[in-house]
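> Got a sequence here, can you model it:
(one chain, ligands or ions: 3)
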Amino acid sequence: MSQVNPSLQHLTLVIGWGISSLIAVLAPAAFYWVSYQSLQSVLASQTELTAGSVNGIILSNPKMWRFEEIRLSELLERQTYDKIPQTSQILGTAGEVLAKSSATVPAPAAVHARFIHDAGVVVGRIEVSRSLRPLLQRTAIVAFFSIITGSILFFVFRKLPLRAIATAFRTLEVSEKRYRSLYETMKEGMALHRVDFDGNGDFSSLTVIDANPSCAAMFGSGLTRFIGNDSFAMFGDTFREYLSEMLKVLDQGTSISFELHMPDTGNYYDVQAFSPDRGLIATLFEDITESRKSEQQIQKMAYFDTLTGLPNRALFYDRINQAIALANRDKANPAVLFLDMDHFKNINDTLGHSTGDQLLIEVAQRLSQHIRSCDTLARLGGDEFVVVITQLGKQLDATCFAQKLIDSFLAPFHIMGNELHITVSIGIALFPNDGTTAETLIKHADMAMYSSKETGRNAYNFFSPVMNQKALMRMENETGLRHALERNEFFIELQPIICARTRTVVAAEALVRWNHPTRGRVPPVEFISLAEETGLILPLGEWVLRTVCSTMKAWNDAGLPPIRYCVNVSSRQIEQQNFTEIVRTVLRETGANAAQLEIELTESCLVTNIDQNISDVFGMREWGIAIAIDDFGTGYSSLGYIKTLPIDHIKIDRSFVTDISSNVQDQAIVEAIIAMSQKLGIRNIAEGVETCEQLEFLQGQGCNEIQGYYFHRPLPPDDFEKLLRTQGELPAG
Ligand code: C2E
Ligand code: CA
Ligand code: CA
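Numbering: from 1, shown residues only. Ligands and ions are numbered 1, 2, ... in the order given. You can find the predicted model right below:
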C-alpha cells in the first residue's frame, strides 16, 4: 500500500470517512425525524379529539364547566390510547390545571397543545404529551446499525479501491520501469518530436523532446545536445523529405517507414515513424549501414567488373534484354559490338599482369568517353569488351561508332613507364537480323570480331551467316584435332635456311601441317593456337621434335650434310615442368645429334615462363643445342634478356622484311637489329625473303642467313633430302 501516491491515499481516506460518517449520522437522524413527525401527528389528532369532547362539556355547562373536574378527568382517562404511555391535561387561561389524566410519562416527552374556545373566546388549553423514550431507544438501535453499516462502507470505500489502485499502480510502475529500461538499453535509436503549428494551423517546427542513448550514439551527439534541438538539424535533409508523410501519421494514427541516408557519415537507417500522442511523433531508427553496404558490395560484385568498374556479363545481358524489349515496343534497332584488343596476350606475357590490368583500366576509361548514357559498355572478361547501342538511328550509325572506337586507340597508352600502341578488333551484330536474343547477338558479334582479327585486326566487321559456318568449323577443328595425332594426320615440311654468303643450305626449319580427312592440307595458323588453347600442343610438339630428330639421325647416317634442324617450341611446352627431360629422352631414343638441334622460342616465351624453366632450357646449350629467338621485334618485351641470355640466333620477323625495299622505317629497324646482333655476337636470320631486292638489302646490311620463298618454300622431307644431296657435304653455320 505504501507504493500508492500519498495524496491519493488521503483522498480515499476522506471519501471513506465522509460516506461512512454520513450513513452513521444521517440514518438515525432521519429515522428520529420521521418517527417524531408521526408522533406529533398522533398527538395532534389526540388533542383534536379531546378538544372535541371538552367542547361538548363546555356547551352543556358554559358557566361552570371548569368545575366539573370529575367529568373532565374521566374524559381525559378515556382518551389514553395504545400501550404507549401518554398523559393529557386541561389548563385554564392562567395556566392552572383544571383536570389531569392519572398516567405519568417519563421524560423526555413530546407535547402537543391546543386552545379551547367558548363562543370564540379562548377559555383554556389542552396539552397531550407522550414519552420520547421508546423513540429514542429505537433511534439508538438504528444508530447502532448505521454505524456498523458506515464502518463496513468505510472499509469497502477505503480499503478495496486502495488495494486495487495500489495493484494498478504497482503494475504500471513495473511496466513503466520495464519500458524505461528497454528504451534506455535497446539498440534501436528512439526519438520523440514535438510538432508545432503556427496561428494558421500550418506546420512551423519539429523539435526533439526526448531521445534514448542509442539514438544519441547513432547520430554522434550527446543526449543533452539532442534534446530541444530542431529535428532536421539533427537528422538531416532526407528526414525533411518525409515531413509531409510524418504529418499524416499525426492525423491518421498509422505508421510509416522510410530509409534515411546521412551523407556526412555515409550511414543508412531504417526509420519507423508513428504518433504516440497528440502533437507528438516518435521515430525508431535502426542502423542498416552494414547490411546496406554489404548489399551494395554484393550488388557491385554481382553486376560490376572489379577491375574496371564497368558492368559485367550479368548486367550486360540484362541491358541487352531491356534494349530488345524496348526495340520490340519502339521499333528501334539495337546493336551489339564485341571488342577484343589485338595482341593483348603479348602485353600480359611480356610486361606482366599488373601492366595488363592497368592497360585494361585505361582502355575502359577511353572507351567510356564514347558511350552515350542510354548505351552500355561492359567487360566480359580478359580483354573483351562489349557495347550495346539501344537505338541505331540518324545520330548514331554503327559504322561511324565502330570507327570512332577504333580511332580512340590511335594515341598510345602510357602505362607504368611504357608507351603502348594498341589496336582493337570489333564485330557488330544487329537486332533483329543477326539475332533476337542476348545470347545470339553476343555470339554473332563475337564471330564478326573474329573475322576482323582474321582480316588483319584493327578493323570492324558486321556479322554474316558465313561466319557461323566458320565458327562451326572451328568447333569441328577442335574435335578433329583431338583425333589427328592418333590417326597420324600430321606431317612436317622443312624450309631451307640459306647462308647469305655461301648461298648454301645451312639449316632446316620444321613446319607442321595437318592433313585433314575432308579439308585436305591445313596450315599451322589455323590450328596451332587451338592446339595451344586445348593443350594438344604438348603431345604435338613432342611428336614434331621426335620426327625431326629421327629424320636428322637417318639423314646423318645416310651421309647427308650435318645441317641444323630448327624446331618451333611453344610457350606452353616450356611451361611444362619436364620439357628438358622430354628433349633429352627424344635425343637419346632417336640417337640424334644435339649439336644439330635448334630450338626456336618467341620473345613472349622468355617473359611468361618462370626463370627456372628458362634457365633449364638455356642449360640445354651445354648438350650442344642452339637457341633462336623467333619473330624478333614483334614482342613487347624489353631487350634486357638479350644481354643476359646466351642466345645463338635472332630471327628477324617477316613483317619487317616484306616492305623493306620501299619502307624506310622497316629498313631502319632491320638495320638496327642486324647491327645490334653483330655487336652482341648473335647471328641473325631474315625470315620471309621473297624478292631479290629484299635479299640485296639484307646482304648489304650484313645479314647472316636467309629464309624465304625467294630460295625455297617449305618442302616435303623427300624433296628436302634431294636438295641436301645435290648440295653435297657443307660445313654447318
Ligand atoms: P614461323 O615460326 O614464323 O614460321 C615461318 C612461317 O613463315 C611459316 O609459315 C613459313 O611457311 C612462312 N614463310 C617462310 N618464308 C616465307 C615467305 O617468303 N613468304 C611468306 N609469305 N611466308 C613465308 P607456316 O608454315 O604457315 O607456319 C606458321 C607458324 O606456325 C610458324 O611461324 C610457327 O609459329 C607456327 N608453327 C609451325 N609449325 C610449328 C610447330 O611445329 N610447333 C609450333 N609451336 N609452332 C609451329
Ligand atoms: Ca619459326
Ligand atoms: Ca618466324
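> wait, doesn't Ile660 sit right on Asp666?
Yes: assessed by C-beta atoms under 8 Å, Ile660 is found in contact with Asp666 at 5.0 Å. To be clear about C-beta, it is placed using only N, CA and C from the backbone, and glycine gets the same treatment.
> Pick out whichever of the two has more residues nearby.
A count of neighbours by other C-beta atoms under 10 Å puts Ile660 above the other of Ile660 and Asp666, at 26 against 17.
> Doesn't the more buried one belong to a strand?
No: read with DSSP: H, G, I helix; E, B strand; the rest coil, Ile660 is coil and lies in no strand.
> and the least confident helix or strand in the chain by mean pLDDT, how far out from the chain's middle?
Scoring the helices and strands of the chain by mean pLDDT, DSSP states H and E places helix 223-226 at the bottom, with a mean of 76. Relative to the centre of its chain, helix 223-226 is centred 32 Å away, using C-alpha atoms, centre = their mean, to the nearest Å.
> Which strands or helices does that helix pack on?
Secondary-structure packing of helix 223-226 (3 or more C-beta pairs under 8 Å, 6 or more residues apart in numbering; DSSP states H and E): strand 203-211, helix 213-218.
> Which residue is it, in the stretch 401-550 of the chain, that comes closest to ligand 3?
Relative to ligand 3, the nearest point of the stretch 401-550 of the chain is Glu509 (8.3 Å; C-beta to the ion).
> Please identify which helix or strand holds that residue.
Assigned by DSSP states H and E, Glu509 belongs to strand 505-516.
> CA atoms only for that strand - export them in PDB, please.
Taking Å, rounded to 0.1, in the frame of the first residue of the first chain, the C-alpha atoms of strand 505-516 are listed here in PDB:
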ATOM      1  CA  VAL A 505      71.500 -24.700 -97.100                       C
ATOM      2  CA  VAL A 506      72.800 -24.400 -93.600                       C
ATOM      3  CA  ALA A 507      69.600 -25.300 -91.700                       C
ATOM      4  CA  ALA A 508      66.000 -26.500 -92.000                       C
ATOM      5  CA  GLU A 509      63.000 -25.200 -90.100                       C
ATOM      6  CA  ALA A 510      60.500 -27.900 -89.400                       C
ATOM      7  CA  LEU A 511      56.900 -26.600 -90.000                       C
ATOM      8  CA  VAL A 512      54.000 -28.800 -89.100                       C
ATOM      9  CA  ARG A 513      50.900 -29.300 -91.300                       C
ATOM     10  CA  TRP A 514      47.700 -31.200 -90.800                       C
ATOM     11  CA  ASN A 515      46.300 -33.500 -93.500                       C
ATOM     12  CA  HIS A 516      42.600 -33.100 -92.700                       C
END
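> Quickly check: that strand near ligand 2 or not.
No: legend: contact between strand 505-516 and ligand 2 by C-beta under 5 Å from the ion is lacking; minimum distance shown is 5.5 Å.
> how far away is Thr440 from Ser464?
Thr440 is 14 Å from Ser464, where distance means C-beta to C-beta, to the nearest Å.
> So for these two, which sits in the more crowded spot?
Remark: of Thr440 and Ser464, Thr440 carries more neighbours, 17 against 14, as counted by other C-beta under 10 Å.
> So the more buried one sits against Asp434, correct?
Yes: if you go by C-beta under 8 Å, Thr440 and Asp434 touch, sitting 7.4 Å apart.
> residues near the residue of the stretch 301-450 of the chain found nearest ligand 2, how many?
Nearest to ligand 2 in the stretch 301-450 of the chain, going by C-beta to the ion, is Asn346, at a distance of 16.3 Å. Neighbours of Asn346 under the rule other C-beta under 10 Å: 19.
> which residues touch the host helix or strand of it?
Here Asn346 sits within helix 344-351, counting by DSSP H and E. Here helix 344-351 makes contact (C-beta atoms under 8 Å, 6 or more residues apart in numbering) with 355-356, 359, 382-383, 415-416, 418, 420, 422, 571, 603-604, 607-608, 634-637.
> can you list the weak-confidence ranges in the stretch 251-400 of the chain?
394-396 (pLDDT under 70).
> Just the CA atoms of whichever strand or helix holds His261, as PDB, please.
Element membership for His261, per DSSP H and E: strand 255-262. C-alpha atoms of strand 255-262 as PDB (Å, rounded to 0.1, in the frame of the first residue of the first chain):
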ATOM      1  CA  SER A 255       2.800   4.500 -39.000                       C
ATOM      2  CA  ILE A 256       5.200   4.900 -41.900                       C
ATOM      3  CA  SER A 257       8.700   3.700 -42.600                       C
ATOM      4  CA  PHE A 258      11.400   5.100 -44.800                       C
ATOM      5  CA  GLU A 259      15.100   4.900 -45.300                       C
ATOM      6  CA  LEU A 260      17.300   7.700 -44.100                       C
ATOM      7  CA  HIS A 261      20.800   8.400 -45.500                       C
ATOM      8  CA  MET A 262      23.200  10.600 -43.700                       C
END
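> now the helix or strand that it is followed by against strand 255-262, angle please.
Per DSSP H and E, the first helix or strand lying C-terminal to strand 255-262 is strand 267-274. Strand 267-274 and strand 255-262 are oriented at 160 degrees to each other (axes from the mean of the first three to the mean of the last three C-alpha atoms, to 10 degrees).
> Give the other helices and strands that strand 267-274 contacts.
When contacts are defined as 3+ C-beta pairs under 8 Å, 6+ apart, strand 267-274 packs onto helix 243-252, strand 255-262, strand 280-287, helix 289-303.
> could you check the distance from the spatially closest residue to Asp659 that is not a sequence neighbour over to Glu68?
In space, and not counting its chain neighbours, Asp659 is closest to Asp666: 5.2 Å by C-beta to C-beta, 6 or more residues apart in numbering. Going from Asp666 to Glu68 by C-beta to C-beta gives 183 Å.
> go on, Leu98?
Applying C-beta to C-beta, the value for Leu98 to Glu68 is 9 Å.
> Which one's more surrounded, those two?
Ranked by neighbour count (other C-beta under 10 Å), Leu98 and Glu68 place Leu98 first, with 21 against 17.
> any idea whether that one is helix, strand or coil?
On the three-state scheme (three-state DSSP), Leu98 is labelled strand.
> thought it was touching Leu75?
No: the pair Leu98 / Leu75 is not scored as a contact, 11.2 Å apart, by C-beta under 8 Å.
> Name all residues that sit in contact with those two at the same time.
Among the neighbours of Leu98, none is also in contact with Leu75 (C-beta under 8 Å, 6+ apart).
> ok, Arg130 - contacts?
Contacts of Arg130 (C-beta under 8 Å, 6+ apart): Leu39, Val42, Leu43, Ile84, Pro85, Gln86, Thr87, Val105, Ala109, Ala110.
> For it, which non-adjacent residue is closest in space?
Looking at Arg130 with C-beta to C-beta, 6+ apart, the closest residue is Gln86, at 4.7 Å.
> Can you give me the neighbour number for the one you found?
Number of residues near Gln86 (other C-beta under 10 Å) recorded here: 21.
> Correct me if wrong: it contacts Pro106.
No: applying C-beta under 8 Å, one finds Gln86 not in contact with Pro106, separated by 11.6 Å.
> Quick check: neighbours shared by the two?
Ser131.
> distance of the residue nearest in space to the middle of the chain from ligand 3?
Central residue of the chain (C-alpha atoms, centre = their mean): Glu295, 1.6 Å from the mean position. Between Glu295 and ligand 3 the computed distance is 54 Å (C-beta to the ion, to the nearest Å).
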